[in-house]
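> Quick check, what structure comes out for this input:
(2 chains)
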Amino acid sequence: MKHTISALVENKSGVLARIASLFSARGFNISSLAVGKTDDSTISRMTIVLDADEKILEQVVKQLRKLIDVIKVQDLTGQNFVARELVLIKMDATPARRVEIMQIVSLFRARVVDVSTRSLSVEVTGDEKKIAGMLEVLKEFGIKEVVRTGRIAMARGDKS
Amino acid sequence: MMSSARLEKDYPEDIKSLTTKEKLNKVLTGNTDPCKLLDEVCDLKKSGAEIIIDALLKEGVGVLFGIPGGAVIPIFDVLYDAQIRFILTRHEQGAAHMADGYARATGKVGVCIATSGPGATNLVTGLATANMDSVPVVAITGQVFTTMIGNDAFQEADIVGVTRPITKHNYLVKDVGELPRMMKEAFYIARSGRPGPVLIDVPKDVQTAETEYVYPEEVELRSYKPVYSGHPQQIKRAATAILKAKKPLICTGGGVIISNAADELRKLVNKTNIPVAATLLGLGSFPGTEDIFLGMLGMHGTRTANYAIMESDLIIAIGARFDDRITGRLDEFAPQAKIIHIDIDPSSISKSVRVDIPIVGDAKNVLHELNKIVDVGNYGNWHKRIVKWKKAYPLVYSDDGGLKPQFIIKEIYRLTKGEAIIATEVGQNQMWAAQFYHYKNPRSILSSGGLGTMGYGFPAAIGAQIGCPGKIVFDIAGDGSFQMNIQELATAAINKVPVKVAVLNNGYLGMVRQWQELFYKKRYSYTSLKGNPDFVKVAAAYGAAGILVRKKEEVAPAIKKALSIDGPVIIDFHIDPEENVFPMVPAGAATNKMIGGMA
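Numbering: from 1, shown residues only, chains lettered A, B, ... in the order given. Prediction:
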């Protein structure tokens, strides 16, 4: 099962390497990882998505907590949370097909961010289902490149 | 500016040992001469190398193990005048193991130092050993200039990257201003919670750079707060389970020794009469001489301990982590048992076996609270069953054939009255030392349990002897393991460290040979150590004493002679080359499926 783990960590060099090596040393495979500063510039937020059973997940969370530079770890799975991902997609797009692609883009509430004579780049934000749906539809037109940020997530309600 | 020598004259007490705050206080309250105050404040400016040595003094470090090199010369220059004993080892691995042995034997943090690159990478095996067995060690390494880092400079290695998975934490000091805090944190992290090794990598230019120096008095780590007291509700649940149990068993591990909880464990056993079995690292946490002690658990444990754990209906594991050498085949382990697990490390709980009553906390605190409310249940039949096992399955060996290692260990036990510190190497020697010496006190066996590091015992014994000068320290060695750090004979001889090395010399990498004999049709693939040196001559070459023993009747006189020599001694025991360690749980079998070792 896919789990979304949210971790607050010290914003220091080496912390990412520490977390990455924790996963690799135990043979845990990360599906996605997103890192960024929080409102407190000394703290970073890491959102980690991994495919694991309950036993592995319990170990992952405990091992993360054990790292000296990790401040807080939450498993958001099973809780009510908002998850988003930003994806940039570069399409094969001759002028003749542009309009068709742009219709799909507006249908998914995505945005065109770059146009050239033979290509069109699109930015889309959404949850996993929406992104998957859009990529499926765009496949017909020929995708040249996809760049994804990885999932970021936040618990709903007052809880932080 | 006034010299600090004059200041010392003005303040006859040992002003150097005071904290900065105390110094300032003294100047402010005792004598408010602003010149002196200024002098004191100016004195705060120190180089990175001075800060390191001062921090070691403030942390109470009396001895340092290591080897100098290009990238640590500034530190060694300060060390030259410092009130710290330095033990020059012959290999950095020896330094790391000595720091480890010192820490295990004394309970204090062991400290080692090495230069950049190969000096640092030579520490790796020692740090991994300490990490697996939760030993508080601080390692200081030199690093190339900050401006050169990443340039493949001479003697550069990314030691922080290399040691990340085998230390509790590590630091690269990029600015001398960070150094005091990092030194303070390193010692705090190494000794608190579940202890472990911490490495501090200090570039050479950071060692020479100066900064206003105040050693922090407190550690502020928002992300690291070990839990010491157990949850009262969980402790209550444990007491209830103990009362209800019919076949309870205490499994005591290294955590009991680390947290100095042997007295609390003793109280628990006195109060409840629950039988005790120990892991390898738990030996000594409960006196091995008592009837209620069943011996060691696991692959080469006693049949009684293994049968008991498999039949038990309540296992009380204290500071033990259910290592695979203890559990054997996991899905058949202790099928009827409820498990209470007391451990300071939450990640140890339910890692391999499922736990019913987890109690996260320090063993000493938790046992203290548990002892207040625990009551004895009805274990009469269980005791009877255990007495039957103990009678039927004592540890035995056959006297046929050559000189028996088991007999040698028993003689060492007899002649040291069970009061020695025993370091072991790894393999057959380690298991015989665990089986046939009865450990009465905590910190009396030093053994690489987790990593299984051959070459650990001899340097660890030297470290332990330096930490405990009044004790008899024996290294129970094999001819294979001993040669992995044999160069430290020079360290022992030159420093007159009177460790005794009992080489159980069978001319084989014995444990592997045993497996080849039992499970690989006696195909002894590269386990013969033909070409071993004459260890008595080796001893002589290093200025140590050497004694050769071939016969049973020579054993006691040799041990007595070794004990009478005030210096390192090697006793080369030529033992029966094909003697095996029994009983044994074959790999992958349940722990009650033991083979061998029957009377």
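> Just the buried positions in stretch B:563-580, please.
Buried positions in stretch B:563-580, judged by neighbour count with 16 or more other CB atoms under 10 Å in any protein chain shown: B:563, B:567-576, B:579-580. Yep, even glycine has a C-beta here, placed from its N, CA and C like the rest.
> In the residues you listed, find the pair that's most separated.
For these, with distances taken as CB to CB, the pair at the greatest spread is B:Gly567 and B:Asn580 (33.9 Å).
> which one is B:Val555 nearest to, not counting chain neighbours?
If you skip the residues right next to it in sequence, B:Val555 has B:Glu411 as its closest partner in space, 5.1 Å away by CB to CB, 6 or more residues apart in numbering or on different chains.
> Determine which residue lies closest to the centroid of chain B.
Centroid-nearest residue in chain B: B:Arg104, 4.1 Å away (criterion: CA atoms, centre = their mean).
> need the residues of chain B near chain A, please.
For chain B, the contact set with chain A under CB under 8 Å from any CB of the partner chain comprises B:160-161, B:164-165, B:168-169, B:172, B:189, B:221-224, B:345-347, B:349-351.
> Put the buried members of those into a PyMOL selection.
A single PyMOL command selects the buried members of the residues of chain B next to chain A (16+ other CB under 10 Å):
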select buried, chain B and resi 160+164+168+169+172+189+221+224+345+346+347+349+350+351
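> Return the subset of the residues of chain B next to chain A lying in strands.
B:His169, B:Leu172 (DSSP state E).
> okay, now A:Met1: neighbour count?
With neighbours defined by other CB atoms under 10 Å in any protein chain shown, the count for A:Met1 comes to 10.
> Tell me who's in contact with the residue nearest to B:Asp356 when sequence neighbours are not counted.
In space, B:Asp356 comes closest to B:Lys338 once its chain neighbours are excluded; the distance is 4.6 Å by CB to CB, 6+ apart. By CB atoms under 8 Å, 6 or more residues apart in numbering or on different chains, the contact set of B:Lys338 is B:Ala241, B:Ala245, B:Asp313, B:Leu314, B:Ile315, B:Asp356, B:Ile357.
> quick one: contacts of stretch B:580-587?
Here stretch B:580-587 makes contact (CB under 8 Å, 6+ apart) with B:298-303, B:306, B:328, B:393, B:397, B:428, B:431-432, B:435, B:511, B:514, B:517-519, B:591, B:593-598.
> at 7 Å what do you get?
B:299-300, B:303, B:306, B:328, B:428, B:431-432, B:514, B:591, B:593-597 (CB atoms under 7 Å, 6 or more residues apart in numbering or on different chains).
> Now, those residues that are in strands?
The strands, defined by DSSP E, take in nothing from the contacts of stretch B:580-587.
> Any of those buried? List them.
Among these, those classed as buried by neighbour count (16+ other CB under 10 Å) are B:Met299, B:His300, B:Arg303, B:Asn306, B:Gly328, B:Gln428, B:Met431, B:Trp432, B:Gln514, B:Thr591, B:Met594, B:Gly597.
> any idea how far the third one lies from B:Lys593?
Read that as B:Arg303. To B:Lys593, B:Arg303 is 11 Å away according to CB to CB, to the nearest Å.
> coming back round to it: tell me which two in the contacts of stretch B:580-587 are the farthest apart.
Maximum pairwise distance among these (CB to CB): 21.8 Å, between B:Trp432 and B:Lys593.
> Where does the prediction get shaky in the stretch 451-599 of chain B?
B:599 (pLDDT under 70).
> show me where it has strands.
Along the stretch 451-599 of chain B, the segments classed as strands by DSSP state E, counting those that start in this stretch run B:473-478, B:500-505, B:545-549, B:569-574.
> Appreciated, that's everything.
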